[in-house]
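Undergrad: here is my input, please return the structure:
(chains A, B and C)
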Amino acid sequence: MLEIIFFLPKGPFYLNELSDDTSNKSNKLKISDIKTLEKAGKKDLTFFSSIHYKSCAIKTKAAACITTKNLEQYLPESCIKIVVKNVLYSTAKILKKFYPDADLDYPDKSLVESKKISSKFSSVIFGKNIFIGKKVKIGSKTHVGSNTIIEHDVQIGKNCLIGLNVTIKNAIIGNNVVIQDGCKVGVKGFGFIPLKDKNFRFSHIGRVILKDYVELGANCTIDRGSIGDTIIGENTFLDNQVHMAHNVKLGKNCMIAGQVGFAGSSTIGDNVSIGGQAGVSGHLKIGNNVRIGGGSGVVKDIPDNTTVMGYPAVPLKEFLKKGKNNGKQH
Amino acid sequence: MLEIIFFLPKGPFYLNELSDDTSNKSNKLKISDIKTLEKAGKKDLTFFSSIHYKSCAIKTKAAACITTKNLEQYLPESCIKIVVKNVLYSTAKILKKFYPDADLDYPDKSLVESKKISSKFSSVIFGKNIFIGKKVKIGSKTHVGSNTIIEHDVQIGKNCLIGLNVTIKNAIIGNNVVIQDGCKVGVKGFGFIPLKDKNFRFSHIGRVILKDYVELGANCTIDRGSIGDTIIGENTFLDNQVHMAHNVKLGKNCMIAGQVGFAGSSTIGDNVSIGGQAGVSGHLKIGNNVRIGGGSGVVKDIPDNTTVMGYPAVPLKEFLKKGKNNGKQH
Amino acid sequence: MLEIIFFLPKGPFYLNELSDDTSNKSNKLKISDIKTLEKAGKKDLTFFSSIHYKSCAIKTKAAACITTKNLEQYLPESCIKIVVKNVLYSTAKILKKFYPDADLDYPDKSLVESKKISSKFSSVIFGKNIFIGKKVKIGSKTHVGSNTIIEHDVQIGKNCLIGLNVTIKNAIIGNNVVIQDGCKVGVKGFGFIPLKDKNFRFSHIGRVILKDYVELGANCTIDRGSIGDTIIGENTFLDNQVHMAHNVKLGKNCMIAGQVGFAGSSTIGDNVSIGGQAGVSGHLKIGNNVRIGGGSGVVKDIPDNTTVMGYPAVPLKEFLKKGKNNGKQH
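TA: Have a look, this model is predicted:
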């Protein structure tokens, strides 16, 4: 089920059509797609922008890779290096060629009111004024509330409960999932190259994957992945007004309280609980069984089985000691 | 007006149908409902999970009570004690028997478009594409904005202004109340017994009570009570994106700024003002005339007439002194 | 384009109809409108409530001004002074006379479904179930998503992308603007005179101005101005769930991450970046090229080219030093 794609690449393109910086490269090479270092195959282009991803770069099977002068040494010899100054900007420009419609959420033109296609969904319980895009699949005994919109190709499992005024796009949703009123699932993330006068948007071709038994509280916003996916693991519950940015991976059996925010691309383990209004910065790795106190601001990785608190968040013991010391001072 | 109920109990059940742990109890006892320690009558079951509620336990009139080995001593002799390890889990399972449909927000199947039933609401001013459930009452001169959904049995007073894209369920709303665009009122709260693989949801049979002259800003989320109610007092105004969890009781004449969050079951007095993005933890008692600074995190009770600030929030004087001391250090 | 007004003043009124405190003033003077100190002309009334605005008061061309005993000395001799105890309350009462319908968001009664008036908008791409008020203008190649409401007199430029479940009122929107799903634009702000039993609302006659290339993330709330406007400059991007209160002026090329909150009337310069969940208090002046760390609470003015962090936010160097000192203590 996880191989559904929402955006089809244009192309293939010759490599020299994609980059200005390919003077001494094979311009007859045909590139089918642009993928992450791990997922790219021998017909794909990839990108390598940070030493953080060195271990993936060493093993990439990509035909070619956009990278910097400093990083190109880590790529396999067979991989054609396209050396640029700003990897993300060059990548964003090529992504836009492959996926010209994925940098914005163009409203789905295939929407049809559910009552006109109810025979296709005979085991689904619909409210009123619901719009469904083409190729949407919804499992049996799933409820869909009034004024909800489900765009093309979305898949929803069985026994789900989708609330009122919800919008879902670019998402694959398991069984027994609950999405409460007002959630916005699968929207384009906050990714762009900041430029004076006109920012350049990063195409978002990823998806939102909600595993079985997930619950989203009211008015949550879950961005889809940029190149990878945004994922919420089995039996993880989010309270109201949680914001999850693109590419976040949240494990299973987690409890995320109200108004928590996740910046992009962090990975959170299993059995993690996060108190209300806490924030998790981007590109972090939070271990399993971690507990983050309400209102905390997490700005670095947290190992397994740790309880943290504060702004910036520190282990609980340290947080309490600091409070005590401050207390002594006055 | 406050006796309207949104969920009708199944039953009655014999006590031994409700609990595994009733070997030496009267299995012929019929139980009509499950209620709080205060509200339970001689045909009702109740639950007692924390020494916090000792004073209520002593006086309960319930026929039987789910509790622990340590707590059973505080209950009246006449009350049958059902001793369990996890009071909330046992209570949740029994609640699910009495109220099998209250642990999820099943969309209301009785919704009808307002223009089809406008004769019933001749003194109400409706926008477009509004859906109304059965037995809804709306007072005269109340405006209801377009794309709004009001589910069954909701009561709304006169001279109210309900905005666009609002959803209201399980709520009793006074006169002259303003609810701005995008609010979600009466949704199920974030209450469940965390279990590996499949959390067990706590049924939410409570309501949202908005008293006269309340105002909710845009995109607020107000959860209904679990067993009791969530209440906002007269003339209390909330700014945009405020999140209020189940069972919170907010007094009258309060001013709650944008993006404030309330965890469950706290009680806040009258004339309280709370600055933007502040958070109030669960099960606290905040007094009258309290002022909480913007961005503060309140984690303990606050007496009347106190101004607090910081994370965790401390009295203003202490907060300023701490800042000064920190300032001296560098 | 910026001269569009959404609320027309009643009147003119004789000055003595507007104020109880005009015993020794010309009661034959006709007042056309109430405006800010800068914008008021010789037929207008204005108000002066804080020494903060002294420089504007000195130069005002208003016929009359509501002010206090302490402040009246700064007004031009020709300007009639109306001395009151509570300037904002007196102003609010007069505003209500001129604009009786601007203190609440009465749903637009002129809404018509877009498909009934599609000939008027032949170059606009509409989804389903969209409602449009009278005199709305939408530029060519603009997309409007399903279940969206655009109230009377709103202007939207060309090549814009308005998402699903959006509501827009009292707003003037440039070209190439993106508004993602669930945004509420142009709602009444959180402005009122707190009174026991029944607060007195401040009429909101201002607008929301979104300049070219602005982007709003999902579920943002942007309040309209009270007397002035709320403005977002060219090429400024907001992430999801940002809350912007009345009268905020945000410059161009800014990046505002998720769940940031702006209290009323602050002015933020160009090229400002603000991390997730940060808050900016009211009536501040944030300079150009300022960087505010995620989760920070900004409570005073920030000069150009400064990076701040913390709660309350201090320059980065100071924030890091404080962390270090705290670290040394234990």
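
Undergrad: and the helices in chain A, which stretches?
TA: In chain A, the segments counted as helices under DSSP state H are A:15-18, A:54-59, A:87-98, A:316-329.

Undergrad: closest to A:D108 out of these?
TA: Ranking these by distance to A:D108, with Cβ to Cβ as the measure, places helix A:87-98 first at 20.2 Å. In short, each C-beta sits where N, CA and C put it, glycine included.

Undergrad: just to revisit the earlier point, can you say which of the helices of chain A is packed in most?
TA: Among these, the stretch with the highest mean neighbour count (mean count of other Cβ atoms under 10 Å in any protein chain shown) is helix A:87-98, at a mean of 20.

Undergrad: show me what from the stretch 1-150 of chain A comes close to chain C.
TA: Within the stretch 1-150 of chain A, the positions near chain C by Cβ under 8 Å from any Cβ of the partner chain are A:104-109, A:111, A:113, A:129, A:131, A:147, A:149.

Undergrad: from those residues, pick the one nearest C:I117.
TA: A:P107 (18.2 Å).

Undergrad: I figured A:A57 hits A:Q73, correct?
TA: No. Applying Cβ atoms under 8 Å as the test, A:A57 and A:Q73 come out as separate, 9.6 Å apart.

Undergrad: narrow the residues of the stretch 1-150 of chain A next to chain C to those in strands?
TA: A:113, A:131, A:149 (DSSP state E).

Undergrad: need the residues of the stretch 151-300 of chain A near chain B, please.
TA: Going by Cβ under 8 Å from any Cβ, the residues of the stretch 151-300 of chain A near chain B are A:161, A:163-165, A:178, A:180-182, A:213, A:215, A:217-219, A:234-235, A:237, A:239-241, A:253, A:255, A:257-259, A:276-277, A:294-295.

Undergrad: okay, and for the stretch 151-300 of chain A, where does confidence drop off?
TA: Low-confidence segments of the stretch 151-300 of chain A (pLDDT under 70): none present.

Undergrad: output the helices of chain A as CSV; include the columns distance to chain B.
TA: Listed next are those as CSV, based on distance: least, Cβ to the nearest Cβ, whole Å:
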stretch, distance to chain B
helix A:15-18, 42
helix A:54-59, 31
helix A:87-98, 30
helix A:316-329, 5
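
Undergrad: wait, which of these is closest to B:I117?
TA: Of those, nearest to B:I117 by Cβ to Cβ is helix A:87-98, at 49.8 Å.

Undergrad: excluding chain neighbours, what is closest to A:G139?
TA: A:K158 (3.0 Å; Cβ to Cβ, 6 or more residues apart in numbering or on different chains).

Undergrad: please apply the same query to A:P194.
TA: That would be C:M255: by Cβ to Cβ, 6+ apart, it lies 6.1 Å from A:P194.

Undergrad: hmm, back to that, of all the helices of chain A, which one is nearest A:K188?
TA: Short answer: helix A:87-98, nearest of the helices of chain A by Cβ to Cβ, at 12.6 Å.

Undergrad: okay, the closest one in CSV with CA atoms only?
TA: C-alpha atoms of helix A:87-98 as CSV (Å, rounded to 0.1, in the frame of the first residue of the first chain):
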residue,chain,number,x,y,z
VAL,A,87,22.9,22.2,-3.1
LEU,A,88,19.3,22.8,-1.9
TYR,A,89,18.6,25.6,-4.4
SER,A,90,20.0,23.6,-7.3
THR,A,91,18.0,20.6,-6.1
ALA,A,92,14.8,22.7,-5.8
LYS,A,93,15.2,23.9,-9.4
ILE,A,94,15.6,20.4,-10.8
LEU,A,95,12.7,19.2,-8.6
LYS,A,96,10.6,21.9,-10.1
LYS,A,97,11.4,20.5,-13.6
PHE,A,98,10.4,17.0,-12.7
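
Undergrad: can you list the residues that contact it?
TA: By Cβ atoms under 8 Å, 6 or more residues apart in numbering or on different chains, the residues outside helix A:87-98 that reach it are A:9-11, A:13, A:17-19, A:21, A:33-34, A:45, A:47-49, A:66-68, A:82, A:84, A:102-103, A:192-193, A:200-203, A:205, A:227.

Undergrad: repeat that for 7 Å
TA: The contact list for helix A:87-98 (Cβ atoms under 7 Å, 6 or more residues apart in numbering or on different chains) reads A:9-11, A:13, A:18-19, A:33-34, A:45, A:47, A:49, A:66-68, A:84, A:103, A:193, A:200, A:202-203.

Undergrad: equivalent analysis for stretch A:281-300, please.
TA: Applying Cβ under 7 Å, 6+ apart, the contact partners of stretch A:281-300 are A:251, A:257, A:263-280, A:301-313, B:279, B:281, B:297, B:311, C:294-295.

Undergrad: was I right about A:F47 contacting A:T68?
TA: No. Counting by Cβ atoms under 7 Å, A:F47 stays clear of A:T68, with 10.3 Å between them.

Undergrad: same drill for the two, tell me which one is more crowded.
TA: When neighbours are counted by other Cβ atoms under 10 Å in any protein chain shown, A:F47 comes out ahead of the other of A:F47 and A:T68, with 26 against 16.

Undergrad: so who does that one touch?
TA: With Cβ under 7 Å, 6+ apart, A:F47 has these contacts: A:65-67, A:87, A:91.

Undergrad: break chain A into its domains for me.
TA: Using automatic domain parsing, the domains assigned to chain A come out as A:13-98, A:112-321.

Undergrad: which one of the ones you listed is the most hemmed in?
TA: Highest mean neighbour count among those (mean count of other Cβ under 10 Å): domain A:112-321, a mean of 23.

Undergrad: any chance of the contacts of A:F47 in a markdown table with pLDDT as columns?
TA: Listed next are the contacts of A:F47 as a markdown table, based on pLDDT from 0 to 100:
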| residue | pLDDT |
| --- | --- |
| A:C65 | 96 |
| A:I66 | 96 |
| A:T67 | 96 |
| A:V87 | 95 |
| A:T91 | 95 |
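
Undergrad: how about the residues of the stretch 1-150 of chain A that lie near chain B?
TA: Within reach of chain B by Cβ under 7 Å from any Cβ of the partner chain, the stretch 1-150 of chain A has these residues: A:127-129, A:143, A:145-147.

Undergrad: try 8 Å
TA: Residues of the stretch 1-150 of chain A lying near chain B (Cβ under 8 Å from any Cβ): A:125, A:127-129, A:143-147.

Undergrad: which residues touch the closest residue to chain C within the stretch 1-150 of chain A?
TA: Residue of the stretch 1-150 of chain A nearest chain C, by Cβ to the nearest Cβ: A:P107 (3.8 Å). Applying Cβ under 8 Å, 6+ apart to A:P107 gives the contacts C:125, C:127, C:143-146, C:161, C:163-164.

Undergrad: cool, A:I222 as well?
TA: Residues in contact with A:I222, defined by Cβ under 8 Å, 6+ apart, are A:171, A:183-187, A:208, A:210, A:216, A:230, A:232, A:244.

Undergrad: over to A:T307?
TA: Contacts of A:T307 (Cβ under 8 Å, 6+ apart): A:290-293, A:315-316.

Undergrad: from A:D239, how far off is it?
TA: 19 Å (Cβ to Cβ, to the nearest Å).

Undergrad: sorry, back to before: per-residue confidence at the residue of the stretch 1-150 of chain A closest to chain C?
TA: Confidence at A:P107, expressed as pLDDT, is 93.

Undergrad: just give the nearest non-adjacent residue to it, would you?
TA: Distances taken as Cβ to Cβ, 6+ apart place C:G145 nearest to A:P107, at 3.8 Å, with adjacent residues excluded.

Undergrad: for that neighbour, what are phi and psi?
TA: Backbone torsions of C:G145, given as degrees, to the nearest 10, read phi -80, psi 170.

Undergrad: can you pull the contacts of it?
TA: C:G145 sits in contact with A:105, A:107, C:127, C:130, C:162-166, C:181, where contact means Cβ under 8 Å, 6+ apart.
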